[in-house]
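Participant: Compute the structure for the input listed below.
(one chain, ligands or ions: 1)
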Amino acid sequence: MMQPLVLYDILSELPGNKFSPNPAKPRSVLSYKDLPFVTLWVEYSDVSIAMKAIGAKPTKRRGGSDVYTVPVLSDPNTGVLIADSLEIACYLEKTYPEKPIFPNNSESLIREFDSAHFRLIQPAIKSIFVRTTEILSPINAKFFIGAHSIIFPLPWDANYDEDWVLLEKGYNTAYEWYQKTDGKWLMGDTFSYADIIVACCLLWFKRILKEDEWVRICSWNGGKWAQVLADVEKECKLA
Ligand SMILES: N[C@@H](CCC(=O)N[C@@H](CS)C(=O)NCC(=O)O)C(=O)O
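Facilitator: Numbers count the residues shown, from 1 in each chain. Okay, here's the model as predicted:
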């Protein structure tokens, strides 16, 4: 009988914890593929110590240096322990190929899509980071600021209005991508990991933003973004 896989994710002060976009990706894949799993919640400030202790490998910061991160996935059925959301997705696809998330050999394209999608969000990231610190405990927020200010220097709250203009611009581009297909997914009628990437970022925003800020995102592009999130959650049985 199959043993549950173990997903390491980050604790927050929110009910139900989950907010972090990268762990949300493997959670969506596990659930989509009907794989049994349990979640182990780690304090942000303990990620490095805890992941080192279980023998996970560090991942790379966007600047190139090593850093211990979650998500990490442990699969007791194969003995594999693997870090990085994209590598976990590829591992799950190879090991459990039913219900593909990289259909039609799309892994290389979706790898590029992952970076392209982040480039849309990145210009506004400091304002998003400010909100993220607000749903972490004080000690975890301090740690989060220390970790991310290496790549995105403080202050983070200097260009709020400008960041929101840039975020809307980013989503206008994502909307153009979706408009180029006939179905509701990025690959038309075919669901893929690309839609999971978009939805997990939206989940992050929905969970950390002030209500009026989330409503603002929902008002863009004819309500596309609340719809994408709802569609992906339904497809992955996480709704
Ligand atoms: N490329 C990694 C990035 C993961 C990542 O940045 N994880 C954050 C939480 S969402 C983390 O654990 N950070 C720990 C730190 O920066 O010290 C992935 O996609 O899994």
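Participant: From residue 151, how far off is residue 46?
Facilitator: In this view, residue 46 and residue 151 are 21 Å apart by Cβ to Cβ, to the nearest Å. (Each C-beta comes from the backbone N, C-alpha and C, glycine too.)
Participant: Tell me which stretches of this structure form helices.
Facilitator: 21-32, 47-53, 85-95, 107-121, 125-134, 138-148, 160-179, 193-208, 211-219, 224-235 (DSSP state H).
Participant: The fifth one vs the ligand: in contact?
Facilitator: Right, the one you point to is helix 125-134. No: judged by Cβ under 6 Å from any ligand atom, helix 125-134 stays clear of the ligand, getting no closer than 9.2 Å.
Participant: Excluding its own residues, what touches that helix? List them.
Facilitator: 19, 121, 141, 144-145, 148, 152, 155-160, 163-164, 167, 204-205, 208-210, 213 (Cβ atoms under 8 Å, 6 or more residues apart in numbering).
Participant: hang on, the earlier thing: between the helices of the chain, which one is nearest to residue 77?
Facilitator: helix 85-95 (8.3 Å; Cβ to Cβ).
Participant: Please point out which parts of that closest one sit buried.
Facilitator: By neighbour count on 16 or more other Cβ atoms under 10 Å, the buried set for helix 85-95 is 85-86, 88-93.
Participant: Around the ligand, pick out the residues from the protein.
Facilitator: 10, 20, 22, 47-48, 59, 67, 69-71, 84-86, 147.
Participant: Give me the domain ranges for the chain.
Facilitator: As assigned by automatic domain parsing, the chain contains the domains 5-95, 104-235.
Participant: Throw those into TSV and include mean pLDDT, thanks.
Facilitator: TSV is the format used below for these (pLDDT from 0 to 100):
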stretch	mean pLDDT
domain 5-95	96
domain 104-235	97
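Participant: now, which of the buried residues of helix 85-95 sits nearest residue 39?
Facilitator: The nearest one, if we look at the buried residues of helix 85-95 relative to residue 39 and count by Cβ to Cβ, is residue 88, at 13.3 Å.
Participant: So that closest one is in contact with residue 75, correct?
Facilitator: No: using Cβ atoms under 8 Å, residue 88 makes no contact with residue 75, being 9.5 Å away.
Participant: need the contact list for residue 174.
Facilitator: Contacts of residue 174 (Cβ under 8 Å, 6+ apart): 117, 120, 198.
Participant: can you count the residues close to residue 6?
Facilitator: Applying other Cβ atoms under 10 Å, we find 16 residues neighbouring residue 6.
Participant: who's it bridged to?
Facilitator: Applying DSSP bridges to residue 6 gives these bridge partners: residue 38, residue 74.
Participant: Count the neighbours of residue 132 for me.
Facilitator: Residue 132 has 26 nearby residues by other Cβ under 10 Å.
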